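Student: Predicted model and sequence below, questions to follow.
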Amino acid sequence: MTDLSTIRLFATHPHQCSYLDAEDATTVFVDPNQRMNGKLYRQLSELGFRRSGGHVYRPQCAVCQACIPARIPVALFEPNRQQKRCWRRNQDIEIRPVDSIDTSEHYSLYARYISERHSDGDMYPPTPSQFRSFLTSEWGITRYLEMREEGELIGVAVCDQLDNALSAVYTFFDPDLHRRSLGTFGILVQIYHARELDLDYVYLGYWIQACAKMNYKSQFRPLELLINRRWSLLR
């Protein structure tokens, strides 16, 4: 294991928080020259770090502590009624692992999703270079789970496979298929895929109780939250 005390971190200047309007945010990044691999990323994930493209980061705000790392212990997970309905509703979808999503088909779906669902976010407007840098395969651990309906691509769940977990990176899907609840379905796909691989967790990133956009994460129970450097079970 890597001695984490030897890793250099760099902090951003305080900036407007993307999730809570009244708060300023500070982010710490792992030195981009740090040699990264799956084992080191597992250690950092257990301490609440995430990745965006090739950058590994963690919120470290001076006052606000609202961003709480969250993960699902897959052996304990029990879908609620809504999640069971979502799973049954989508049984006609073919789930297909693929090695790459660097195609016009994948980018076209991603661009539609960002333009229609997140036009007020940092990833708008989408570009091919931004798509590749954000969802690139990093350190040989990134996996892509396609969702296809009668051969047509309708969604992709991007995740990193650690030696004890899947870390959900991003899910994008056909924004017109509201009835399918493909965001929820994408998480369920990763939970059941993690079980098939005999992994312990699915990391969901950060949960913010006061942010409506994050509410869906608290619907997956039980959920483990990293509070005061300890993972605690929320049932």
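Tutor: Perfect, I can see it now.
Student: The helix or strand of the chain with the lowest mean pLDDT pairs with which strands, and in what direction?
Tutor: Here the helix or strand of the chain ranked lowest by mean pLDDT, DSSP states H and E is strand 15-16, holding a mean of 91. Take DSSP bridges as the rule and strand 15-16 pairs in its sheet with strand 24-25 (antiparallel).
Student: The helix or strand that the partner strand is followed by pairs with which strands, parallel or anti?
Tutor: Using DSSP states H and E, the helix or strand that follows strand 24-25 in sequence is strand 27-30. Here strand 27-30 has these sheet partners by DSSP bridges: strand 9-11 (antiparallel), strand 55-59 (antiparallel).
Student: Quick check: which ranges of the protein have low pLDDT?
Tutor: Low-confidence segments of the chain (pLDDT under 70): none present.
Student: Which parts of it belong to which domain?
Tutor: Domains of the chain are assigned by automatic domain parsing as 4-69, 71-234.
Student: Give me the distance between the two termini of the longest one.
Tutor: Which is domain 71-234. Start and end residues of domain 71-234 are separated by 10 Å (C-alpha to C-alpha, to the nearest Å).
Student: How far does it sit from its chain's centre?
Tutor: 6 Å (C-alpha atoms, centre = their mean, to the nearest Å).
Student: Residue numbering should commence at 527 henceforth.
Tutor: From this message on, residue numbering opens at 527, which makes the last subject domain 597-760.
Student: Which positions in stretch 725-732 come out as buried?
Tutor: 725-732 (16 or more other C-beta atoms under 10 Å). The way it works is simple: take the backbone N, C-alpha and C, and place the C-beta from them, glycine included.
Student: no no, stretch 709-716
Tutor: Applying 16+ other C-beta under 10 Å to stretch 709-716 flags 710-716 as buried.
Student: Equivalent analysis for stretch 573-589, please.
Tutor: 574-578, 582-585, 587.
Student: and which of these is nearest residue 743?
Tutor: residue 576 (13.2 Å; C-beta to C-beta).
Student: Got phi/psi on the residue nearest to residue 705 when sequence neighbours are not counted?
Tutor: Using C-beta to C-beta, 6 or more residues apart in numbering and skipping the chain neighbours, the partner closest in space to residue 705 is residue 615 (7.4 Å). Per-residue torsions, residue 615: phi -60, psi -30 (degrees, to the nearest 10).
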